[in-house]
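# Pasted the sequence and its predicted model underneath.
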Amino acid sequence: MAAPAPAAVVVMGVSGAGKTTIGRLLAERLGPPWRFVDGDDLHPPRNVARMRAGQPLDDADRAPWLDRVRAVIAGARAGGAPVVIACSALKRAYRDRIGAGAPDVRLVWLHGDPQLIRSRLEARRGHFMTAAMLDSQLATLEPPGKDEAAVAVDVAGPPGQAVAAALARL
């Protein structure tokens, strides 16, 4: 039996992997009624202030944010427009909390060489997540297990290449 059509695609990975860029392009390529939501926009102000100050978030800090991500996904699953949502979803427990284990929620895991990702973070301006935080994200990351059926996409190439790879395997 084929998996149901996705209601949501979670584009996950560490900061600087390209979740926003690739997520937006993926939603555009999927076309209407698909929409894009940047999980960064769902962080409570306290979380943004902590990250801007170079303080890693802990599980308690992430909980209200993950609940907001879950609400977006639940809305899509309840019949709203399907959604591509950028969310780091670094731990299995986070992915479970947002509903990523459901057959109509798919994961696209963006991964790549840490030095490449660091260089992207160092070049980025105006974002609250700094390159100094990458090590804590890499330490927290639990790559998706085989049972999570994630599409793993290397981000070494241009964003369009990553989108094409994701689409080919979704």
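Looks like it arrived, so ask away.

# and the residue nearest to residue 18 when sequence neighbours are not counted, what does it touch?
Counting by C-beta to C-beta, 6 or more residues apart in numbering, residue 18 lies nearest to residue 155, which is 5.1 Å off, once chain neighbours are set aside. Backbone N, C-alpha and C define where each C-beta goes, glycine included. Residues near residue 155 by C-beta atoms under 8 Å, 6 or more residues apart in numbering: 13, 17, 18, 22, 110, 111, 112, 116, 117, 162.

# Mind naming the longest strand for this protein?
strand 105-111 (DSSP state E).

# Tell me the strands beside it, with direction?
Each strand paired with strand 105-111, and its direction, by DSSP bridges: strand 8-12 (parallel), strand 151-154 (parallel).

# Among the ones you listed, which comes closest to residue 135?
Closest approach to residue 135 among these (C-beta to C-beta): strand 8-12, 18.2 Å.

# residues in contact with that closest one?
Taking C-beta under 8 Å, 6+ apart as the rule, strand 8-12 contacts 19, 22-23, 26, 30, 72-73, 76-77, 82-90, 95, 98-100, 104-110, 144, 150, 166, 170.

# got any ranges where this structure has weak pLDDT?
1-4, 124-132 (pLDDT under 70).

# Give the closest residue to residue 169 in space, chain neighbours not counted.
residue 151 (4.4 Å).

# and if you look at residue 107?
Once flanking residues are discounted, residue 107 sits nearest to residue 150: 3.9 Å by C-beta to C-beta, 6+ apart.

# measure that neighbour to residue 29 for me?
Using C-beta to C-beta, to the nearest Å, one gets 19 Å for the distance from residue 150 to residue 29.

# Residue 100 too?
Residue 100 is 21 Å from residue 29, where distance means C-beta to C-beta.

# ok, these two, which is more surrounded?
residue 100 (25 against 14; other C-beta atoms under 10 Å).

# So the more buried one sits against residue 148, correct?
Yes: at 7.1 Å, residue 100 counts as touching residue 148 under the criterion of C-beta atoms under 8 Å.

# Please identify every residue contacting each of the two.
residue 107.

# For residue 146, give its distance to residue 112.
20 Å.

# for the residue nearest to residue 169, what are its contacts?
Counting by C-beta under 8 Å, 6+ apart, residue 151 touches 106, 107, 108, 109, 165, 166, 169, 170.
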